[in-house]
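Trainee: Make a model of this:
(one chain, ligands or ions: 1)
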Amino acid sequence: MGYLFRNLSLLEPEVGVLQPGLELRVEADKIVEVGKSLAPGSADVVDCGGRVVMPGLIDSHVHVMLSEVNIRSLESVPLTLGTARAAKNMRGMIDRGFTTVRDTGGADWGLKQAVDEGSIPGPRLFIAGQAIGPTGGHSDPRRRTDIFGAKCHCCNAMAFSMNVSDGEREVRKAAREQMRQGADQVKIMMSGGVASPYDPLDSLQFSDAEIAAAVEEAHAFGRYVCAHAYTPKAITRAAHAGVRTIEHGNLIDAASAKLMAEKGMFLIANLVAYYAMKERAAEFGMNADMLEKNDLVIDGALRSLEICHQAGVPVAYGSDLLGQLQVDQSREFLLRREVLSNLDIIRSATTIGAQVTRTEGKLGTLKPGAFADLLVLDSNPLDDLAVFQDQGAHMAAIMKGGKFHTCRLG
Ligand SMILES: [Zn+2]
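Mentor: As a prediction, this is how the structure comes out:
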């Protein structure tokens, strides 16, 4: 019963150096023992051939249901097709070694259950349900000629992923509804965004009372609010209102970063989305206005990492890639090398991801008691993050919850 992993170097991100000579024993879905010369008992012995073993990766900002770069096209994607594409997206993620992803708008409890019960292969999902924003904000993709309210939420992948609510009462109800539907975190829009048609990037979305309603309800339910925000003003408002995580935050400055550190907040950065959109979004139908907004935030992306590093704000690994660009998910590792050490980047996708999802000791680590979510790598990522590239080609094995997703070891 179970597995004994031998002949390996352990990379425990919290420790930060390779530990050769250690062995890991897995029973059911957990790590039960870490030590030297463990007795196999009835466990199957897995010889790792001297490779590096580390915890599975965590991507703290994805959208598995947003299968089009041009979000508008999702209005003609029925939920059946959207679900099939989400299954393909999730398969790609776990193939790349991401055993956990945090979805910030679109994925619902049905997808989560489908993965948990083994109906589709994929990473563990932390879901937000619909992303909630005000009329005319980042959750509102309607054309100006669409003057009627938001349409029903059951017919297409676009409406399914987003919620337009105005006024404290509606926001409160929307937040409660997401949590009734199993949300792990409540996502709200607090500034303009790239992939929405008319909201300027520096627009401030939701009133203080609307934000407070979402935060109050999330806390009452034992959840937290994550906020889409780019500018120092939007980040500062979020911090004062009790929001826990800032998504994107490209235009952050020293003062707003200091405030985030004081409040114990996290930044989830996702540089790769902006680089991928700049290079390839036009060919998939993203319009010029949106690409212009992309140019406003791309320059701030690397600087935001440096500012947070200096202020002591933990930054998690995010990708936020839409549709056809999702294959670039692991490129975020390479982009961050400009300003951060390999170890810091690895921690963003393990240790810090676990803090963001409130799963310390369970995910992002291979200590006894943690889930057996692990990667067996052909080379040491502390030396070269390229081992995470090429769609998982350099991963000799990927295990999630004690079960092999892939394994090419003897
Ligand atoms: Zn997003």
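Trainee: so the residue of the chain found nearest the ion, which of the three states?
Mentor: Using Cβ to the ion, Asp320 is the residue of the chain that sits closest to the ion, at 4.3 Å. Just so you know, the C-beta spots here come from the backbone N, C-alpha and C atoms, and that holds for glycine as well. Under DSSP: H, G, I helix; E, B strand; the rest coil, Asp320 falls in the coil class.
Trainee: Show me what counts as buried in stretch 327-343.
Mentor: Neighbour-count burial for stretch 327-343 flags Asp328, Gln329, Ser330, Arg331, Glu332, Phe333, Leu334, Leu335, Arg336, Val339, Leu340, Asn342 (criterion: 16 or more other Cβ atoms under 10 Å).
Trainee: residues from this protein in reach of the ion?
Mentor: By Cβ under 5 Å from the ion, the residues of the chain that approach the ion are Thr104, Asp320.
Trainee: coming back round to it: okay if I get the buried residues of stretch 327-343 as CSV plus secondary structure?
Mentor: As requested, the buried residues of stretch 327-343 are exported to CSV (three-state DSSP):
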residue, secondary structure
Asp328, helix
Gln329, coil
Ser330, coil
Arg331, helix
Glu332, helix
Phe333, helix
Leu334, helix
Leu335, helix
Arg336, helix
Val339, coil
Leu340, coil
Asn342, helix
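Trainee: wait, which of these is closest to Ala86?
Mentor: Each of those was scored against Ala86 by Cβ to Cβ, and Gln329 proved nearest at 14.3 Å.
Trainee: mind checking the backbone torsions on the residue nearest to that closest one when sequence neighbours are not counted?
Mentor: The shortest distance from Gln329 to any residue other than its chain neighbours is 4.7 Å, reached at Ser319 (Cβ to Cβ, 6 or more residues apart in numbering). Dihedral pair for Ser319: phi -130, psi -40, per degrees, to the nearest 10.
Trainee: Please give me every residue in contact with Ser319.
Mentor: Contacts for Ser319 were tallied using Cβ atoms under 8 Å, 6 or more residues apart in numbering; they are Asp59, His61, Val62, Asn270, Val272, Ala273, Gln326, Asp328, Gln329, Glu332.
Trainee: at 7 Å instead, please
Mentor: Neighbouring residues of Ser319 by Cβ atoms under 7 Å, 6 or more residues apart in numbering: Asp59, His61, Val62, Asn270, Val272, Ala273, Gln329, Glu332.
Trainee: and these, which of them are in helices?
Mentor: Among the contacts of Ser319, DSSP state H puts Val272, Ala273, Glu332 in helices.
Trainee: hmm, back to that, need the buried residues of stretch 327-343 in a markdown table (columns: distance to Arg72 and pLDDT).
Mentor: A markdown table is the format used below for those (distance: Cβ to Cβ, whole Å; pLDDT from 0 to 100):
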| residue | distance to Arg72 | pLDDT |
| --- | --- | --- |
| Asp328 | 21 | 97 |
| Gln329 | 23 | 98 |
| Ser330 | 27 | 98 |
| Arg331 | 25 | 97 |
| Glu332 | 26 | 97 |
| Phe333 | 31 | 98 |
| Leu334 | 30 | 97 |
| Leu335 | 27 | 96 |
| Arg336 | 31 | 96 |
| Val339 | 34 | 95 |
| Leu340 | 35 | 96 |
| Asn342 | 38 | 98 |
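Trainee: of all those residues, which comes closest to Pro314?
Mentor: Leu340 (12.2 Å).
Trainee: nearest residue to that closest one other than its sequence neighbours?
Mentor: Excluding the flanking residues, the one nearest Leu340 by Cβ to Cβ, 6+ apart is Leu305, at 6.1 Å.
Trainee: which is the next helix or strand following the strand or helix carrying that neighbour?
Mentor: Taking DSSP states H and E as the definition, one finds Leu305 inside helix 288-311. Under the assignment DSSP H and E, the closest C-terminal helix or strand after helix 288-311 is strand 315-317.
Trainee: Return the distance of that next one from the chain's centre.
Mentor: How far strand 315-317 lies from its chain's middle: 9 Å, per Cα atoms, centre = their mean, to the nearest Å.
Trainee: Repeat that for stretch 238-255.
Mentor: From the chain centre to the centre of stretch 238-255 is a distance of 17 Å (Cα atoms, centre = their mean).
Trainee: Can you point out the buried residues in it?
Mentor: Neighbour counts over stretch 238-255 (16+ other Cβ under 10 Å) mark 238-239, 241-253 as buried.
Trainee: Any idea how many residues pack against Asp184?
Mentor: Neighbour count of Asp184, defined by other Cβ atoms under 10 Å: 21.
Trainee: Kindly state the pLDDT recorded for it?
Mentor: Note on Asp184: pLDDT of 98.
Trainee: What segments of the stretch 101-250 of the chain are strands?
Mentor: With DSSP state E, counting those that start in this stretch as the criterion, the stretch 101-250 of the chain has strands at 124-126, 131-133, 162-164, 186-189, 225-229, 245-248.
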